[in-house]
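>>> got a predicted model here, sequence first, then my questions.
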Amino acid sequence: MNGTLHKLDIMGRYDSNFREPPWVMGSPKEVMNWVEASNPSKKDDEDKSSEKKYLKNLHIKFDFDVKQKEIDSSCMLCNLVGLKKIEEDFEIFPTAELILRGLAKAKFRNTAKIVVDNKVLYEHPEDKSDLRDTIDRINEFSEEVSQAKNLEITAILDDVEDATAVIKIKKIHSKKEHSVEIQIKGKIRKDIYYTFRNYLDEKIGLKE
């Protein structure tokens, strides 16, 4: 009798839409469902928070505030559709060094490849920690890089996530293109990305 009165008393207190604690009258499964409904798991919030900490497949493009010289072309169609080429007055070698240092600060560790004017100067994707060594030895490539019109560097992030950065620096390019294009393929943590961006902003003056 007392048990019945106790149950009715609880139901009377929580009349309306309140969902009763199932241990008053339910099974273990109902108990867990009630706990989840009353105090939702933090797992979903943690998953969403984790997703917000990462960025995917980024593409950075920028130009330098330097003199430009148009390159004469016999291609009339190129001139009409805006593919006429220009040459920019900046040095590729120091630009490449700064970008490599920025990648090193952002925990990229492997210089997979360096290509100058379509010629491979360096290619060691299997070496997982050579980026800083490449920076220290970059003077070995200084002559080739300084005389280059186009440079491409591929670097790999040594982190829990798999990301590859492809940096293209072009003294000669079409008017529609940019002097520097950096593609980060894969997923990268926001803090790592902004470490890299802040370094470029500080050293090169990169802005949104």
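Received, thanks.

>>> so where does residue 102 fall, helix or strand?
Here residue 102, judged by DSSP states H and E, is contained in helix 92-105.

>>> outside of that helix, which residues touch it?
The contact list for helix 92-105 (C-beta atoms under 8 Å, 6 or more residues apart in numbering) reads 111, 131-132, 134-135, 138, 142, 145-146, 148-149, 151, 153, 155, 165, 167, 169, 171, 180, 182, 195-196, 199-200, 203-204. Where C-beta positions appear, they are placed from N, C-alpha and C, glycine not excepted.

>>> please repeat the previous calculation with a cut-off of 7 Å.
Residues outside helix 92-105 that contact it (C-beta atoms under 7 Å, 6 or more residues apart in numbering) are 131-132, 134-135, 138, 142, 145-146, 148, 151, 153, 155, 165, 167, 169, 171, 195-196, 199-200, 203-204.

>>> out of these, which are buried?
Buried members of the contacts of helix 92-105, scored by 16 or more other C-beta atoms under 10 Å, are 131, 134-135, 138, 145, 148, 151, 153, 155, 165, 167, 169, 171, 196, 199-200, 204.

>>> residue contacts, residue 166?
Contacts for residue 166 (C-beta under 7 Å, 6+ apart) come out as 152, 154, 183, 185.

>>> any idea what it is bridged to?
residue 154, residue 183 (DSSP bridges).

>>> inside strands: which ones of the contacts of helix 92-105?
Secondary structure assignment by DSSP state E places 151, 153, 155, 165, 167, 169 of the contacts of helix 92-105 in strands.

>>> doesn't residue 112 make contact with the second one?
Spelled out, that is residue 153. No: if you go by C-beta atoms under 7 Å, residue 153 and residue 112 don't touch, sitting 8.5 Å apart.

>>> coming back round to it: can you pull the buried residues of the helix holding residue 102?
Neighbour-count burial for helix 92-105 flags 92, 93, 95, 96, 97, 99, 100, 101, 102, 103, 104 (criterion: 16+ other C-beta under 10 Å).

>>> hang on, the earlier thing: and which of the ones in strands among the contacts of helix 92-105 is nearest residue 70?
Of all the ones in strands among the contacts of helix 92-105, residue 70 sits closest to residue 169, with 19.7 Å by C-beta to C-beta.

>>> distance of the closest one from residue 190?
Distance of residue 169 to residue 190, computed by C-beta to C-beta, to the nearest Å: 25 Å.

>>> and if you look at residue 111?
For residue 111, the distance to residue 190 equals 24 Å [C-beta to C-beta].

>>> quick one, which of the two is more surrounded?
Higher neighbour count among residue 111 and residue 190: residue 111, with 26 against 11, using other C-beta atoms under 10 Å.

>>> how about low-confidence regions in this protein?
Confidence mapping of the chain against pLDDT under 70 gives the ranges 1-52, 73-82, 159-161, 206-208.
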